[in-house]
Each structure stands twice: as C-alpha cells, then as structure tokens.
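Q: Please work out how this folds:
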Amino acid sequence: MKKQFLIIALFALSLTTSVSVNAQVKSVQEIENSIKNDGKYALLVQNSNHFMASVMTGEEYKNKSKAIQFEIVLIGKVVKDLATNKELAPLVEKAQKLGIRIVVCEFAMNKLGVKKSDYPSYVETTSNGFTYFFGLQENGFKTISL
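A: A predicted model of the protein is given here:
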C-alpha cells in the first residue's frame, strides 16, 4: 500500500511540476558554416546522379579548405557507368584536380564486367566497398550513404 501511495504521489508531483526546455536553434547558415576546415567526409554512392552531386559537394568543401579530406566510394551500377559513360569523365578530372579521392568496389566491378583499366589511372579500387567505407568510419570520417 505504501508503495502504491508513493507512486501516485510521485506521478501527481510530476504533473504539477513543469520544466521549461529551450532548444538552441541554429540558422541554416550557421550549420553550413560548421563544416570543419580540417574535416574528414565520405559518401557511399550507387548511381551516376549521386556521383555528380558528390563531386559538386566535394568541390564546395575543398574550395572552403584544401585540408578537408573528401572521398567518394562507388558501389553498384555507378561502377559500370563510370567506366562506360564518357559524360562522367570531366567529373573524375575535376575530382582529381581538387584532391577528392574516388575509390571503386572491385566486387561490383567483377559483377558488372568492368576492369581497372576501364578507369582513369587516378581512380583507386578496393576489394570491398562496404569494408572500405567502414574503415573510413573507424578512421574518423563523417559518412553518408546515397
């Protein structure tokens, strides 16, 4: 009986006591400006449109600071697109000039019939894109999968 009374008393007390919580709201500009000048960022990309957007984002970051590390890891269909779609070649060149690292999954290459020689020499490969991506996370990279 004492236990029930104590529970009811605590519940009633919690209803009558209010705590005001004020969340600190930052502007969009403040959040965008919070990207670190020496940050480490990586995107896991599966299609050509996301690859294009990733290079554009990397360009924005690298223009902010050359010390930013930016990597794009390719898996899935984009692995073949990068080898066959000549419209993507200028993006690879841009990434190279900016210092954006592009790493392609060899597992996807094998599944899609693509060889390392199908890519510009700048493009690197890894045996497993997921394992490489987890390694980036273990090494302090902020990551997003698209």
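Q: what ranges do the helices span in the protein?
A: All helices of the chain, identified by DSSP state H, fall at 2-16, 28-32, 48-64, 78-84, 89-98, 106-112, 129-138.
Q: of all the ones you listed, which has the lowest average per-residue confidence?
A: Lowest mean pLDDT within these: helix 2-16, a mean of 58.
Q: List of residues touching stretch 57-66?
A: For stretch 57-66, the external contacting residues (C-beta atoms under 8 Å, 6 or more residues apart in numbering) are 35, 37-39, 41, 43, 68, 70, 72, 94-95, 98-100. In this view, the C-beta of every residue, glycine as well, is placed from N, C-alpha and C.
Q: of all those residues, which comes closest to F133?
A: L43 (9.3 Å; C-beta to C-beta).
Q: what number of residues lie near the closest one?
A: 24 (other C-beta atoms under 10 Å).
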